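Engineer: Model the following, please.
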Amino acid sequence: MRLKVTKSKHSEHFSIIKSVRVNGKSSSKVVENLGNLETVIQKANGEDPYIWAKERAKILTQQASQ
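Structural biologist: The predicted structure is shown next:
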(Lines give C-alpha, C1' and ligand atoms only; values in the text may rest on other atoms or scores of the structure.)
Protein backbone atom coordinates (compact mmCIF):
# COMPACT_ATOMS: atom_id res chain seq x y z
CA MET A 1 0.00 0.00 0.00
CA ARG A 2 1.13 3.51 -0.62
CA LEU A 3 0.22 7.08 0.12
CA LYS A 4 -1.40 9.19 -2.57
CA VAL A 5 -1.50 12.95 -2.10
CA THR A 6 -3.76 14.83 -4.50
CA LYS A 7 -2.94 18.53 -4.63
CA SER A 8 -5.28 21.20 -5.89
CA LYS A 9 -5.09 24.97 -5.88
CA HIS A 10 -6.44 25.33 -2.34
CA SER A 11 -6.10 21.93 -0.69
CA GLU A 12 -4.33 18.59 -0.44
CA HIS A 13 -6.12 15.27 0.00
CA PHE A 14 -4.49 12.14 1.47
CA SER A 15 -5.49 8.58 0.57
CA ILE A 16 -3.94 5.18 1.10
CA ILE A 17 -4.24 3.07 -2.03
CA LYS A 18 -3.44 -0.50 -3.01
CA SER A 19 -2.51 -1.79 -6.46
CA VAL A 20 -4.65 -4.73 -7.58
CA ARG A 21 -5.12 -6.79 -10.71
CA VAL A 22 -8.63 -7.24 -12.10
CA ASN A 23 -8.98 -9.57 -15.10
CA GLY A 24 -5.26 -9.15 -15.89
CA LYS A 25 -5.39 -5.34 -15.79
CA SER A 26 -3.72 -3.12 -13.19
CA SER A 27 -5.97 -0.96 -11.08
CA SER A 28 -5.91 0.94 -7.80
CA LYS A 29 -8.23 0.54 -4.85
CA VAL A 30 -8.65 3.14 -2.10
CA VAL A 31 -8.08 1.40 1.24
CA GLU A 32 -8.52 4.44 3.49
CA ASN A 33 -9.32 8.10 2.91
CA LEU A 34 -7.37 10.14 5.45
CA GLY A 35 -8.92 13.47 4.52
CA ASN A 36 -7.52 16.87 3.65
CA LEU A 37 -4.33 18.42 5.05
CA GLU A 38 -6.02 20.05 8.06
CA THR A 39 -7.68 16.77 9.07
CA VAL A 40 -4.39 14.86 8.79
CA ILE A 41 -2.58 17.50 10.85
CA GLN A 42 -5.15 17.00 13.64
CA LYS A 43 -4.80 13.20 13.46
CA ALA A 44 -0.98 13.43 13.49
CA ASN A 45 -0.91 15.20 16.90
CA GLY A 46 2.06 17.47 16.17
CA GLU A 47 3.96 15.12 13.86
CA ASP A 48 4.72 15.93 10.24
CA PRO A 49 1.48 14.96 8.43
CA TYR A 50 3.32 13.36 5.50
CA ILE A 51 5.44 11.15 7.75
CA TRP A 52 2.39 10.22 9.84
CA ALA A 53 0.42 9.25 6.74
CA LYS A 54 3.29 7.11 5.40
CA GLU A 55 3.54 5.34 8.76
CA ARG A 56 -0.22 4.71 8.66
CA ALA A 57 0.22 3.09 5.23
CA LYS A 58 3.01 0.87 6.63
CA ILE A 59 0.79 -0.22 9.51
CA LEU A 60 -2.06 -1.14 7.16
CA THR A 61 0.37 -3.06 4.92
CA GLN A 62 1.64 -5.06 7.90
CA GLN A 63 -1.91 -5.82 9.05
CA ALA A 64 -2.90 -6.99 5.56
CA SER A 65 0.06 -9.36 5.31
CA GLN A 66 -0.77 -11.13 8.58
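
Engineer: Any regions of the chain where pLDDT drops low?
Structural biologist: For the chain, no stretch is flagged by pLDDT under 70.

Engineer: By residue count, which helix of it is the longest?
Structural biologist: helix 49-65 (DSSP state H).

Engineer: what's that helix packed up against?
Structural biologist: Contacts defined by 3 or more CB pairs under 8 Å, 6 or more residues apart in numbering; DSSP states H and E place helix 49-65 against strand 2-7, strand 12-22, strand 25-36, helix 37-44. All C-beta spots, glycine's among them, are computed from the backbone N, C-alpha and C.

Engineer: now those in a markdown table, with distance to Lys58 and mean neighbour count?
Structural biologist: Listed next are the helices and strands packed on helix 49-65 as a markdown table, based on distance: least, CB to CB, whole Å; neighbours: other CB atoms under 10 Å:
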| stretch | distance to Lys58 | mean neighbour count |
| --- | --- | --- |
| strand 2-7 | 10 | 13 |
| strand 12-22 | 10 | 15 |
| strand 25-36 | 12 | 13 |
| helix 37-44 | 14 | 15 |
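
Engineer: and the ones you listed as JSON lines, adding distance to Ala53?
Structural biologist: JSON lines is the format used below for the helices and strands packed on helix 49-65 (distance: least, CB to CB, whole Å):
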{"stretch": "strand 2-7", "distance to Ala53": "5"}
{"stretch": "strand 12-22", "distance to Ala53": "5"}
{"stretch": "strand 25-36", "distance to Ala53": "6"}
{"stretch": "helix 37-44", "distance to Ala53": "6"}
